[in-house]
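**Q** only geometry, no sequence info:
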């Protein structure tokens, strides 16, 4: 009888733990997962950074749902490889209209690893919400990531990119109000799509000129087909007897001689016009004494 009681006590304790486990898991709050581009489920992040150094890293297809304070600079980071085109979507849930004192303007910006601001090719980068509005939707599509670029250019290169969300225009009384921000990062393309936009050549830049002919006179050139394209022969320029005088190295000597002659004539004319004639001295005649 004692052995039966000894075995029944651990069994009852184990059954109680199994019954309490689902209740504990249901009571504990957990962020809802978000599907990624590859189909795998990634958890939603509930953190955000306040500078480039403390930016929260997001993966492709991952979301962030964070309660923030209005007026703060918010930073997230995500990786991007060559051939990809990233799109950032932001949804801001504003405080109650009764707590606000006017419209709010929110701005989303993208920066590369060198802290260079990147241009957005699509999407409303700035959004102004009136006092009666409840949400603001922003988006920014980055240019396709290049595999290489010139040092002077600002093309996007593979690496880490930063998202900065801020309020560019807001009433002073509305700073510090509680706001909910939802951020989603989506990427498309890959290494196989690394060719930049518009980089393929659809037609030759110069049409063929007598294609298939050779320089030897003995060889017979093939007969031109009806679809062959020929370039127009250059038109000879019309020449005159004085064309060679003012062309080539003669131009410098002619202009030098003409300039010297004009300078000499201008000097003589200026001296003639500006010089004053010398006055004649009066002549005194001696009067003989009377």
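**A** Received the coordinates, thanks. No experiment lies behind these values; they were computed from the predicted model shown. Residues are numbered from 1 along each chain as shown.

**Q** And the strands in this protein?
**A** Using DSSP state E, the strands of the chain run over residues 34-35, 41-42, 56-57, 63-69, 74-80, 84-93, 104-111, 117-118, 126-129, 135-141, 159-169, 178-189.

**Q** Against which helices or strands is the longest one packed?
**A** Here strand 178-189 touches strand 63-69, strand 74-80, strand 84-93, strand 159-169, going by 3 or more CB pairs under 8 Å, 6 or more residues apart in numbering; DSSP states H and E. For every residue, glycine as well, the C-beta is placed using N, CA and C.

**Q** The third one too?
**A** With contacts defined as 3+ CB pairs under 8 Å, 6+ apart, the secondary structure elements packing on strand 56-57 are strand 74-80.

**Q** relative to strand 159-169, how tilted is the strand it packs on?
**A** Angle, strand 74-80 to strand 159-169, by axes from the mean of the first three to the mean of the last three CA atoms, to 10 degrees: 150 degrees.

**Q** neighbouring contacts of strand 74-80?
**A** For strand 74-80, the external contacting residues (CB atoms under 8 Å, 6 or more residues apart in numbering) are 48-52, 54-60, 64, 66, 68, 86, 142, 145, 156, 158-166, 181, 183, 185, 187.

**Q** any idea of the pLDDT on residue 251?
**A** Per-residue confidence (pLDDT) for residue 251: 73.

**Q** Would you check how far apart it and residue 263 are?
**A** From residue 251 over to residue 263 the distance is 18 Å, taken as CB to CB, to the nearest Å.

**Q** just residue 150 next, same as before
**A** Per CB to CB, residue 150 is found 49 Å from residue 263.

**Q** Report the buried members of the contacts of strand 74-80.
**A** 48-49, 55-56, 58, 60, 64, 66, 68, 86, 142, 145, 156, 158, 161-165, 181, 183, 185, 187 (16 or more other CB atoms under 10 Å).

**Q** and the strands of the chain, which one is worst for confidence?
**A** strand 34-35 (a mean of 52).

**Q** May I have the beta-bridge partners of residue 135?
**A** residue 93 (DSSP bridges).

**Q** Surely it touches residue 129?
**A** Yes: contact status for residue 135 versus residue 129: in contact at 7.4 Å, counting by CB atoms under 8 Å.

**Q** quick one: common contacting residues for those two?
**A** Taking CB under 8 Å, 6+ apart as the contact rule, the neighbours common to residue 135 and residue 129 are 92, 94.

**Q** Look up the pLDDT of residue 259 for me, please.
**A** For residue 259, pLDDT reads 91.

**Q** circling back to that earlier point, show me the one of the strands of the chain that comes nearest residue 255.
**A** Closest approach to residue 255 among these (CB to CB): strand 117-118, 51.7 Å.

**Q** List the contacts of that closest one.
**A** So strand 117-118 is in contact with 109, 110, 111, 112, 142, 143, 154, 156, 161, going by CB under 8 Å, 6+ apart.

**Q** which residues sit in contact with the second one?
**A** I take that to be residue 110. 88, 117, 118, 120, 140, 142, 161, 162, 163, 164.

**Q** mind checking how far it is from residue 157?
**A** 13 Å.

**Q** follow-up on the earlier one: in terms of neighbours, single out the busier of residue 150 and residue 263.
**A** residue 263 (10 against 7; other CB atoms under 10 Å).
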